[in-house]
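Enquirer: what shape does this take:
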Amino acid sequence: MAISNKDLKKMAQAHLRDQGFYQGNIDGQWGKLSDRAFKRYRSHLRSQGLEIGGGAVFAEDATSQAVNGVVVLDPGHGGDERTGGSSANNAISASGVLEKTMTLDMAKRIRRHVNRMTGELPGSDVKVHLTRSGDTNLGLSDRAEVAENKDADLFLSIHFNGFNGVARGTETLILSAANGNVNEAEDRALAQRVQSAMVNAIRQFDPAARDRGVKNNQRLGVLNDISLGNVRGDAPTRACLVEIEFIDNPDVDKLLNTGPDARESKDAIASAIATALLDDLRAG
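Expert: Numbering: from 1, shown residues only. Model prediction:
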């Protein structure tokens, strides 16, 4: 596929930034800041006996980094009444923030980061849809059917846990093959990417964060393959459900809602999830 000089420069700027050599904008405007970063990077490579290829190599690299697909994000709960197996709200943070509010906020943050990241990758086209954009509730099958209607490659249902005010940890849930999942291996691969990304992001702010792992669950109607549009032998949608943390724990509430770094920590989690989703689209 053909790629413009501006897109080549954007790709190079993004690569230089990812390697820690560039702090400027990813805009394709190659000025002194970009030039200095490139020279430092080239010197770094040469010190290891490596050399940067020519323009054709850059074009090939830019194309290989492109990512395409459709993602459906499902902010759990919403509204005021139980609908089709979906409760209006479950968990409440120690300071009184509702789970349904936090799930919608997180979904919007993830969408923003996916859009930002794909905008920096020439040739990329990722569409992101939310099952709800306001304080409304949808039944579990209705949520899953959004993925079918949008021909989604990925479906991520977003939740927060609550239990006894002490429990901690991050977990990601999938359906098992024994419970009717026609693409368990693919779902597990997505779930593991997202799980690792969330845990690593949270540990930047709280080293005590607990990794509860990827788990099978037989009661998740929102991940039902029939509603997602999957049929045996043709399972296009990879799906999982995340429980980001136990928000009734005061330490978690401080991390995500009341503490001085709450906005930064939520944004880091969203960015990590967005990266995991794009990685899964490439792998898929």
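
Enquirer: stretch 44-63 - what's its average pLDDT?
Expert: Averaged across stretch 44-63, the pLDDT comes to 60.

Enquirer: and the helix or strand Asp35 falls within, how far from the chain's centre?
Expert: Under the criterion of DSSP states H and E, Asp35 resides in helix 32-46. Centre-to-centre, helix 32-46 and its host chain are 31 Å apart (CA atoms, centre = their mean, to the nearest Å).

Enquirer: could you dump it to PDB, C-alpha only?
Expert: Output in PDB follows, covering the C-alpha atoms of helix 32-46 (Å, rounded to 0.1, in the frame of the first residue of the first chain):
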ATOM      1  CA  LYS A  32      14.800  20.400  14.600                       C
ATOM      2  CA  LEU A  33      13.400  18.400  17.500                       C
ATOM      3  CA  SER A  34      12.600  15.400  15.300                       C
ATOM      4  CA  ASP A  35      16.000  15.700  13.600                       C
ATOM      5  CA  ARG A  36      17.900  15.700  16.900                       C
ATOM      6  CA  ALA A  37      15.900  12.700  18.100                       C
ATOM      7  CA  PHE A  38      16.700  10.800  14.900                       C
ATOM      8  CA  LYS A  39      20.400  11.500  15.100                       C
ATOM      9  CA  ARG A  40      20.500  10.300  18.700                       C
ATOM     10  CA  TYR A  41      18.600   7.200  17.800                       C
ATOM     11  CA  ARG A  42      20.900   6.500  14.800                       C
ATOM     12  CA  SER A  43      24.000   6.900  17.100                       C
ATOM     13  CA  HIS A  44      22.400   4.500  19.600                       C
ATOM     14  CA  LEU A  45      21.900   1.900  16.900                       C
ATOM     15  CA  ARG A  46      25.400   2.300  15.500                       C
END
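
Enquirer: okay, now the domains of the protein?
Expert: Using automatic domain parsing, the domain ranges for the chain come out as 5-65, 68-283.

Enquirer: does His129 belong to a helix, a strand or coil?
Expert: State at His129, reduced to three classes by DSSP: H, G, I helix; E, B strand; the rest coil: strand.

Enquirer: that one: neighbour count?
Expert: Other residues lying near His129 total 17 when counted by other CB atoms under 10 Å. Every C-beta, even on glycine, is put in place using the N, C-alpha and C of the backbone.

Enquirer: for it, give its distance to Ala107.
Expert: From His129 across to Ala107, the span is 10 Å (CB to CB, to the nearest Å).

Enquirer: find the residues that touch each one of those two.
Expert: Between them, His129 and Ala107 share these contacting residues under CB atoms under 8 Å, 6 or more residues apart in numbering: Leu73.

Enquirer: which parts of whichever helix or strand Ala272 is part of are buried?
Expert: Secondary structure from DSSP H and E places Ala272 in helix 262-283. Buried residues in helix 262-283, counting neighbours by 16 or more other CB atoms under 10 Å, are found at 265-281.

Enquirer: does the residue nearest to Thr258 when sequence neighbours are not counted belong to a helix, a strand or coil?
Expert: Spatial nearest neighbour of Thr258, excluding adjacent residues (CB to CB, 6 or more residues apart in numbering): Ser95 at 5.2 Å. Secondary structure assignment for Ser95 (three-state DSSP): coil.

Enquirer: Ser95: neighbour count?
Expert: For Ser95, the count of nearby residues is 13 (other CB under 10 Å).

Enquirer: could you do Val128 as well?
Expert: Neighbourhood size, Val128 [other CB under 10 Å]: 23.

Enquirer: how many neighbours does Gly123 have?
Expert: Gly123 has 17 nearby residues by other CB under 10 Å.

Enquirer: so what's it closest to, chain neighbours aside?
Expert: Closest to Gly123 by CB to CB, 6+ apart is Ala66, at 3.5 Å.

Enquirer: who touches that neighbour in this structure?
Expert: Ala66 sits next to 121-124 when contact means CB under 8 Å, 6+ apart.

Enquirer: still on that earlier bit, how near is the residue nearest to Thr258 to Ala189?
Expert: 36 Å.

Enquirer: repeat for Asp261
Expert: Counting by CB to CB - Asp261 and Ala189 are separated by 31 Å.

Enquirer: tell me which of those two has more neighbours.
Expert: Of the pair Asp261 and Ala189, Ala189 is the one with more neighbours under other CB under 10 Å, namely 19 against 15.
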